[in-house]
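Colleague: next input, structure requested:
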Amino acid sequence: MFVLAGCSTGREAVMPFRNFLYSGERLLPVKTSTAEYFFRIWINNSTSIDRVISISKDSLEDFRGYLTEMGNLVRGKNSKQEYYRQIEIRPRSGFKVFKNKIDSLNLLNLSTPIDLIQLPLHQPFSTYVVEFKNHNEFNCFRFDTYYPYNGEINEKYAAVEKLIFDEFNLKQYFKFRK
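Modeller: Numbers count the residues shown, from 1 in each chain. From the prediction side, this is the model:
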């Protein structure tokens with residue numbers, strides 16, 4: 001039995017020199033990065049699109065920032081379209097001030113709350129996964145909040161959520177109307 005594949009068949013293209021060195025543009029685990037400073041937050045705000053903000057600095061280059069969006073766009077009742085986009089971003093206050101704000105949150109000492117909030121299934125909520133690396137120190141943790149936020153949350157995690165929304169104006173990227 002023969003299977004014919006036309007030109008419209010999707011395939012993976014070979015990029016021979018793209019992975020020669022680690023690239024901060026890739027969504028590899030922050031822990032494996034050679035960057036001296038790396039902050040990444042994975043954001044799911046109860047939508048079909050996940051957003052990932054990556055801010056990194058290495059010894060050869062200055063700071064770089066990317067917003068990566070991936071997931072499914074829904075068109076009609078049964079139609080789904082795979083979605084992926086990566087754009088360069090800058091914090092509203094600039095990279096160096098943003099780094100100082102991140103450092104003040106003491107992310108290396110935060111952990112996933114043992115008593116994760118039991119969120120009701122009928123109300124939208126947000127899940128955040130934070131990866132942080134400063135030289136040879138690394139930390140990763142997760143926390144949940146309601147979305148939009150309207151209840152109590154530990155102030156340490158609320159400060160992370162507020163900083164991200166203040167610095168990057170994420171609502172401008174949402175593909176839905178409220």
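Colleague: from here on, contacts and neighbour counts on C-alpha atoms
Modeller: Noted.
Colleague: now the helix or strand where Thr145 lies: buried residues?
Modeller: Using DSSP states H and E, Thr145 maps to strand 137-146. Applying a neighbour-count criterion of 16 or more other CA atoms under 10 Å, the buried positions in strand 137-146 are 138-146.
Colleague: go on, stretch 59-79?
Modeller: For stretch 59-79, using 16+ other CA under 10 Å, the buried residues are 63-69, 71-73.
Colleague: returning to that earlier point: and the strand holding Thr145, which strands flank it?
Modeller: Within its sheet, and counting by DSSP bridges, strand 137-146 is paired with strand 125-134 (antiparallel).
Colleague: nearest to Leu110 among the buried residues of strand 137-146?
Modeller: Phe141 (7.0 Å; CA to CA).
Colleague: list the contacts of the closest one.
Modeller: 110-112, 129-131 (CA atoms under 8 Å, 6 or more residues apart in numbering).
Colleague: of those, buried ones?
Modeller: Using 16+ other CA under 10 Å, the buried members of the contacts of Phe141 are 129-131.
Colleague: ok, back up a step: of the buried residues of strand 137-146, closest to Val160?
Modeller: Closest to Val160, out of all of the buried residues of strand 137-146 and judged by CA to CA, is Phe143, at 10.0 Å.
Colleague: do I have it right that that closest one meets Val129?
Modeller: Yes - between Phe143 and Val129 there is a contact under CA atoms under 8 Å: 6.7 Å.
Colleague: quick check: closest non-adjacent residue to the residue nearest the centre of the chain.
Modeller: In the chain, the C-alpha nearest the mean C-alpha coordinate belongs to Val52, at 1.7 Å (CA atoms, centre = their mean). Using CA to CA, 6 or more residues apart in numbering and skipping residues adjacent in sequence, the residue nearest Val52 is Trp42, 4.5 Å away.
Colleague: who touches the longest strand along the chain?
Modeller: In the chain, taking DSSP state E as the definition, the longest strand is strand 64-75. Residues from elsewhere that reach strand 64-75 (CA under 8 Å, 6+ apart): 25, 48-57, 80-90.
Colleague: before we move on, the earlier item: now the buried residues of strand 137-146 in a markdown table, please, with extra columns for distance to Thr32 and pLDDT.
Modeller: Converted to a markdown table, the buried residues of strand 137-146 look like this (distance: CA to CA, whole Å; pLDDT from 0 to 100):
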| residue | distance to Thr32 | pLDDT |
| --- | --- | --- |
| Phe138 | 10 | 94 |
| Asn139 | 12 | 94 |
| Cys140 | 13 | 94 |
| Phe141 | 16 | 93 |
| Arg142 | 19 | 91 |
| Phe143 | 22 | 88 |
| Asp144 | 25 | 83 |
| Thr145 | 28 | 80 |
| Tyr146 | 31 | 70 |
